[in-house]
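A.B. asks: Dropping a prediction and its sequence here:
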Amino acid sequence: MLRSFFIALSTNKSFRSFSENSSIGRRVSRRFVAGMRVEEAILVSEELNREGIDVSLDSLGESVVQVAQAEESALVYHRMLDAIAVRGLKANVSVKLSQMGMDIGGPGAGPELAERVVGEQVEHAARLGNFVRIDMEGSQYTEETLAMTERLHQRFPGTVGTVLQAYLYRTEDDMERLLAQGIRIRLCKGAYKEPPELAFPEKANVDANYVRLMKRAVTSGVFCGIATHDEAIIQQMCQFVEQGGASKDAFEFQMLYGIRRDLQRELVQRGYRMRVYVPFGAEWYPYFMRRLAERPANVLFLAKNYFKS
């Protein structure tokens, strides 16, 4: 029930406007958001790199409604790719198609616009030897996201990948489809509200599917990201490695900025590769609400630590 509440709240325009424009909202968001500007996110990335943790940078923003907004959002990614190269960071970037104009109507907009601007980012990353992750959103975007990733992978092999969500029934077939082409996958559970016709409604079924897909991915020969904070699942992955089921070099654990930093450091100390997803930007509200929806303990953490410096 709490998860449904925060997911519903993530789309509330009035509360979003208040939160993103209030000092209280910005203060609370700093637990999971690395500031408002590229420069702040770069500093956080440098700190994480010093701890042996790689980074995926994400400029927050969703569902832009004007072509100029999509173009402006794309420029931020080009700035990030250049900053990563100049600073020598162990970092790549993650982008949402709805932020790149996927939902804009009219000639030259929509999917055509999104593929053009993301393609330019992937081309830029290829020149720099970097990588672009096309993030996954709600199920209405799934097929177009996969198809676009496939087309860009054909143009720039090894420079672009995407995300699969274990709570969707279709994900097993999607995984085989992408692995057959050598496309890198980030496997997560899924953070959007989906109907039972499309997704497993019970957590136990999502977890079981995640573990099964996780083991398939890490034994596929295609480097993948295992994105979870679930300690039980992480333990199963570690046991699988220790029993000789997979190599530590076949994958990296991926976690979110501000969540389970103790576990991130522990896994690095044990010799596992770790990448932390570092979001930043003024449009942090939908992302923040989904983080609260995913893990109710985050709500308690914020309540306990709000007045601490």
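C.D. replies: Received, thanks.
A.B. asks: mean confidence for the longest helix seen in the chain?
C.D. replies: For the chain, the helix with the greatest residue count under DSSP state H is helix 67-87. For helix 67-87, mean pLDDT is 96.
A.B. asks: Which strands or helices does it pack on?
C.D. replies: Packing partners of helix 67-87 (3 or more Cβ pairs under 8 Å, 6 or more residues apart in numbering; DSSP states H and E): helix 38-50, strand 54-59, strand 91-95, helix 110-128. All C-beta spots, glycine's among them, are computed from the backbone N, C-alpha and C.
A.B. asks: Please render those as JSON lines that adds mean pLDDT and distance to Ala250 to the earlier fields.
C.D. replies: Shown next, in JSON lines, are the helices and strands packed on helix 67-87 (pLDDT from 0 to 100; distance: least, Cβ to Cβ, whole Å):
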{"stretch": "helix 38-50", "mean pLDDT": "96", "distance to Ala250": "22"}
{"stretch": "strand 54-59", "mean pLDDT": "96", "distance to Ala250": "15"}
{"stretch": "strand 91-95", "mean pLDDT": "98", "distance to Ala250": "18"}
{"stretch": "helix 110-128", "mean pLDDT": "97", "distance to Ala250": "22"}
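A.B. asks: Just put the ones you listed in a markdown table and tack on distance to Ala191 and mean neighbour count.
C.D. replies: Formatted as a markdown table, these follow (distance: least, Cβ to Cβ, whole Å; neighbours: other Cβ atoms under 10 Å):
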| stretch | distance to Ala191 | mean neighbour count |
| --- | --- | --- |
| helix 38-50 | 21 | 18 |
| strand 54-59 | 14 | 24 |
| strand 91-95 | 14 | 23 |
| helix 110-128 | 21 | 19 |
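A.B. asks: Let's have those in JSON lines, adding distance to Val268.
C.D. replies: Converted to JSON lines, the helices and strands packed on helix 67-87 look like this (distance: least, Cβ to Cβ, whole Å):
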{"stretch": "helix 38-50", "distance to Val268": "10"}
{"stretch": "strand 54-59", "distance to Val268": "10"}
{"stretch": "strand 91-95", "distance to Val268": "16"}
{"stretch": "helix 110-128", "distance to Val268": "25"}
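A.B. asks: In the stretch 201-309 of the chain, where is pLDDT below threshold?
C.D. replies: 283-309 (pLDDT under 70).
A.B. asks: which residues of it fall in helices?
C.D. replies: 203-218, 231-242, 261-269, 285-294, 296-305 (DSSP state H, counting those that start in this stretch).
A.B. asks: so who does the residue nearest the centre of the chain touch?
C.D. replies: By Cα atoms, centre = their mean, the mean C-alpha position of the chain lies nearest to Asp135, the distance being 5.6 Å. Residues near Asp135 by Cβ atoms under 8 Å, 6 or more residues apart in numbering: 58, 94-97, 162-163.
A.B. asks: do that again at 7 Å, thanks
C.D. replies: With contacts defined as Cβ atoms under 7 Å, 6 or more residues apart in numbering, Asp135 is in contact with 94-96, 163.
A.B. asks: Ile42 too?
C.D. replies: Ile42 touches 83, 87, counting by Cβ under 7 Å, 6+ apart.
A.B. asks: Against Arg116, how distant is it?
C.D. replies: From Ile42 across to Arg116, the span is 26 Å (Cβ to Cβ, to the nearest Å).
A.B. asks: Neighbours of the residue nearest to Asn49 when sequence neighbours are not counted, how many?
C.D. replies: For Asn49, the nearest residue in space outside its immediate sequence neighbours is Lys90; the separation is 5.3 Å by Cβ to Cβ, 6 or more residues apart in numbering. Counted with other Cβ atoms under 10 Å, the burial measure for Lys90 works out to 14 neighbours.
A.B. asks: What of Gly129?
C.D. replies: 9.
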